[in-house]
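Asker: show me the folded form of this:
(one chain, ligands or ions: 2)
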Amino acid sequence: MEVGFLGLGIMGKAMSMNLLKNGFKVTVWNRTLSKCNELVEFGATIGETPAEVVKNCKYTIAMLSDPAAALSVVFDKDGVLEQIGSGKGYIDMSTVDPETSTKISAVCTGFCPYPQAITSKGASFLEAPVSGSKQPAETGQLVILAAGDKALYEEVIPAFDVLGKKSFFLGQIGNGAKMKLVVNMIMGSMMNAFSEGLVLAERSGLNPSNLLDVLDLGGIANPMFRGKGPAMLKSSHSPAFPLKHQQKDMRLALALGDENAVSMPVAAAANESFKKARSMGLGDLDFSAVYEILKASKE
Ligand SMILES: NC(=O)C1=CN([C@@H]2O[C@H](COP(=O)(O)OP(=O)(O)OC[C@H]3O[C@@H](n4cnc5c(N)ncnc54)[C@H](OP(=O)(O)O)[C@@H]3O)[C@@H](O)[C@H]2O)C=CC1
Ligand SMILES: O=CCCC(=O)O
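Answerer: Ligands and ions are numbered 1, 2, ... in the order given. Predicted coordinates:
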C-alpha cells in the first residue's frame, strides 16, 4: 500500500518509519523539510508540499501539533485541498477538537465556514487520533480512535494494523477527537496528582522511590507511573509527549466540558499547572516536567 505522511515530529517520524519498515511505500512532507532526510534513508520519497503528497498518494495521513497546524496544512496555499478529490482518502491522526475535524471534513449543517473541504471535494475523511506515545509509536502499539468514513476506515486497516495494537471505529466525525480529549484530560490530571504525591512523600521525610514501589504493587499501578516515575525523580524529562501538547489537550478538553456543562475542577487545576510550566519555558520537555513547578511552588 502507498501512503502519504504529513508531519514528522516525535510521533509522525516514528509512525512513518514503522510503515516503511513494514513494506509500505511512503511519501513524506514536513514543514521543516530537512526532517524528511532521515526517512529517505529508509526508502521514503519526499513531497515538496502537502498538495504534492496528496497528488501522488491515494491515502494521506497527517500527524500535526494542534488545530492551527491541522487546518493550515489542509486549507493554506499548496495544501491538501488543492489536490484532494474523488477516490482519495485523508486521515488526520493529530489530537484536535471536534470542531477542527468537522471543518476539515466539511460535515456541516447550516452555515459552513469551510464549504470547500475534504468531503465536499469528493474525497473521504477519517479522524484517527491515537492513545500511546513515542515508544508505542515506534513499536506499532498505539490505540487508534477513528471516526468518520467507515469505508475508508476499512480500506486503511492494513496501515492501522501496523501502527497500532487496536483500532476503534467510534462513529461520526468528532467522536474520535472527543474520546482522545477525555483520555488525555484524565492522563493530565493523573500526572498532576502523581507529581504532588512525589513531592509530598519527599517533603514529609519519605523516600519517593519507595512510593514508586508501593504504588506499583497496588490498585492504582499503571504504565505511566511505572515508566516515568524513576526519571522524574532525577528531574529528567526528555520529551516523549511534549508538555505544550498536553496543555493544549487540557484546554480543548475543558472547552468540551464547557460545551456540555460538565464541571471539571480537577482538570482545571491541572491545566493551571501545565500553563504555569509552559510560562516557565518547560513546554518542549515531557509533560512530566509539571513535577518541577509543583516541586518549586511548595518550597
Ligand atoms: N508525543 C506524543 O506522545 C503524542 C502526541 N500526540 C499528538 O500527536 C500530534 C503530534 O505530536 P508530536 O509528534 O509529539 O509533536 P511534535 O511537536 O514533535 O511535532 C509536531 C509536528 O507538527 C508540525 N507543525 C507544527 N505547526 C505546523 C504548522 N503550522 N504547519 C505545518 N506543520 C506544523 C511540526 O513541523 P516542524 O517539524 O516544522 O516543526 C511537526 O512535524 C499532536 O497533536 C499531539 O498532541 C498524540 C499521542 C501521543
Ligand atoms: O497524547 C498523548 C498520549 C501520550 C500517552 O498516551 O502516553
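
Asker: which element is Phe168 on?
Answerer: Phe168 belongs to strand 164-169 when assigned by DSSP states H and E.

Asker: do the same with Ser263
Answerer: With DSSP H and E as criterion, Ser263 is part of no helix or strand.

Asker: who are the contact partners of it?
Answerer: By C-beta atoms under 8 Å, 6 or more residues apart in numbering, the contact set of Ser263 is Gly257. All C-beta atoms are positioned from the backbone trio N, CA, C, and that covers glycine.

Asker: what ranges does this structure have for its helices?
Answerer: Under the criterion DSSP state H, helices of the chain are mapped to 10-21, 37-41, 50-56, 67-75, 98-105, 134-139, 150-155, 157-163, 175-203, 208-216, 223-233, 243-259, 265-279, 290-297.

Asker: could I get these as a markdown table with mean neighbour count?
Answerer: Listed next are those as a markdown table, based on neighbours: other C-beta atoms under 10 Å:
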| stretch | mean neighbour count |
| --- | --- |
| helix 10-21 | 22 |
| helix 37-41 | 14 |
| helix 50-56 | 22 |
| helix 67-75 | 20 |
| helix 98-105 | 24 |
| helix 134-139 | 17 |
| helix 150-155 | 16 |
| helix 157-163 | 19 |
| helix 175-203 | 20 |
| helix 208-216 | 15 |
| helix 223-233 | 17 |
| helix 243-259 | 21 |
| helix 265-279 | 18 |
| helix 290-297 | 19 |
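
Asker: give me the neighbour count for the residue of the stretch 151-299 of the chain found nearest ligand 1.
Answerer: For the stretch 151-299 of the chain, the residue closest to ligand 1 is Phe241, as judged by C-beta to the nearest ligand atom, at 3.3 Å. Neighbour count of Phe241, defined by other C-beta atoms under 10 Å: 22.

Asker: near ligand 2, which residues of the protein show up?
Answerer: Thr95, Ser131, Gly132, Ser133, Asn184, Phe241 (C-beta under 6 Å from any ligand atom).

Asker: who's in contact with the helix or strand of the chain with the lowest mean pLDDT?
Answerer: Every helix and strand of the chain was ranked by mean pLDDT, DSSP states H and E. The lowest is helix 290-297, at a mean of 92. Under the criterion C-beta under 8 Å, 6+ apart, residues 191-192, 195-196, 198-199, 232, 235, 237, 243, 273-274, 276-277, 280, 282 lie in contact with helix 290-297.

Asker: farthest pair in those?
Answerer: Using C-beta to C-beta, the contacts of helix 290-297 span at most 18.3 Å, a distance reached by Leu198 and Met280.

Asker: quick one: contacts for the residue of the chain found nearest ligand 1?
Answerer: Residue of the chain nearest ligand 1, by C-beta to the nearest ligand atom: Gly9 (1.8 Å). Neighbouring residues of Gly9 by C-beta under 8 Å, 6+ apart: Asn30, Met63, Leu64, Ser65.

Asker: do Val3 as well
Answerer: Shown in contact with Val3 (C-beta under 8 Å, 6+ apart): Leu19, Phe24, Lys25, Val26, Thr27, Cys57, Lys58, Tyr59, Thr60, Ile61, Ala159.

Asker: hmm, try it at 10 Å
Answerer: Listed by C-beta atoms under 10 Å, 6 or more residues apart in numbering, the contact partners of Val3 are 16, 19-20, 24-28, 53, 57-61, 89, 91, 156, 158-159.
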